[in-house]
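# kindly generate the corresponding structure for this input.
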Amino acid sequence: MSTSVRFLKTCTAVAALLGMATAPATFAEHEHEFHDTRYHLDHYYPARGATFRVLPDDHVIIRHGRDRFFYSGGVWYRPDAAGYVVVRPPYHVFVPLLPPSYTTIWIGGFPYFYANDTYYVWRPELGQYEVVPPPDDSAATTQPPPSSSDVFVYPKEGQDEARQSQDKYECHKWAVEQSGFDPTQNAGGVPPDQLADKRMAYQRAMSACLEGRGYSVK
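Residues are numbered from 1 along each chain as shown. Predicted structure coming up:
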């Protein structure tokens, strides 16, 4: 057998062995991860209980009472003897920003922000998001309630989706109080001859509220 033939056979055998060695790694790529598919999110996170020796470079330190957590991309960590362990965050802890991948759901006209089996709500008085207990999502929808009809709203100050959702909800509530009219309730209880005036009053209040929060309303 020539040297070249023996070399080719050796290379083929080595390649086969390498293929056998790497195949299980590909198959088990997400073996120790949590695949979050709720509300069609379709995102992988490190499984809770997993331990890491180092934290992601973009982590944020979050203090909650005497406890200290580290937060990055929707994943929560606590110091552990072996490094940093992935944990479920406590309720009523606050974070400055939402995970890069999240879903906005609406329950009873109120927006919740969901990611990695965790629910957040925006607290405007603090300028932060609060981790809250899971709500009853039997009537949850990913579509916001109709807060204004025939109105285009543009964020002039670069407000993100979460801030826009919260502002629209709060302005909707305020406009309902000011006008006595709620378009999400199909105008129930409003006499037909007052419907146009009530709707116009609602839209004026809604526009004024949104413009005061840095939006262009047309």
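# so where does residue 62 fall, helix or strand?
Assessed by DSSP states H and E, residue 62 sits inside strand 60-64.
# what about that strand, distance to the chain center?
Mean-position distance between strand 60-64 and its chain equals 19 Å (Cα atoms, centre = their mean, to the nearest Å).
# quick one: contacts of it?
With contact meaning Cβ atoms under 8 Å, 6 or more residues apart in numbering, strand 60-64 is reached by 68-72, 76, 90, 92-97. C-beta coordinates here come from the backbone N, C-alpha and C atoms, glycine included.
# average pLDDT for that strand?
Mean per-residue pLDDT for strand 60-64: 95.
# mind giving me the PyMOL command for buried ones among the contacts of strand 60-64?
Only the buried entries of these go into this PyMOL selection, using 16 or more other Cβ atoms under 10 Å:
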select buried, resi 69+70+71+76+93+95
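# can I get the contacts of strand 60-64 in TSV with pLDDT?
Compiled in TSV, the contacts of strand 60-64 are given as follows (pLDDT from 0 to 100):
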residue	pLDDT
68	95
69	97
70	97
71	97
72	95
76	97
90	96
92	95
93	96
94	95
95	93
96	89
97	89
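# I'd like to know which of the contacts of strand 60-64 are part of strands.
Among those, the members falling in strands (DSSP state E) are 68, 69, 70, 71, 72, 76, 94, 95.
# which residues touch the residue nearest to the spatial centre of the chain?
When Cα atoms, centre = their mean is applied to the chain, the residue found nearest the centroid is residue 102 (2.5 Å). Contact analysis of residue 102 by Cβ under 8 Å, 6+ apart lists 41, 74, 113, 114, 115, 120, 162.
# what distance do you get for it to residue 135?
For residue 102, the distance to residue 135 equals 15 Å [Cβ to Cβ, to the nearest Å].
# please apply the same query to residue 34.
Residue 34 sits 20 Å away from residue 135, going by Cβ to Cβ.
# same thing with residue 125?
20 Å.
# and the two? Which one has more around it.
Each of residue 125 and residue 135 has its neighbours counted (other Cβ atoms under 10 Å); residue 135 has more, 16 against 5.
# find the nearest non-adjacent residue to that one, please.
Spatially, and ignoring its direct neighbours in sequence, residue 135 is nearest to residue 107 (5.3 Å; Cβ to Cβ, 6 or more residues apart in numbering).
# can you report phi and psi for that neighbour?
phi -130, psi 120 (degrees, to the nearest 10).
# so it sits against residue 140, correct?
Yes - if you go by Cβ atoms under 8 Å, residue 107 and residue 140 touch, sitting 5.1 Å apart.
# shaky segments in this structure?
Scanning the chain with the threshold set as pLDDT under 70 gives 1-31, 144-151, 184-190, 192.
# can you rerun that using 90?
Within the chain, the segments meeting pLDDT under 90 span 1-32, 39-41, 82, 96-97, 99-102, 104-111, 122-128, 136-155, 158-208, 216-218.
# tell me the domain ranges of it?
33-89, 145-218 (automatic domain parsing).
# all strands for this protein, in order.
Counting by DSSP E, the chain has strands at residues 33-36, 43-46, 51-52, 60-64, 67-72, 75-80, 83-87, 94-95, 103-107, 110-115, 118-123, 128-132, 153-155, 215-217.
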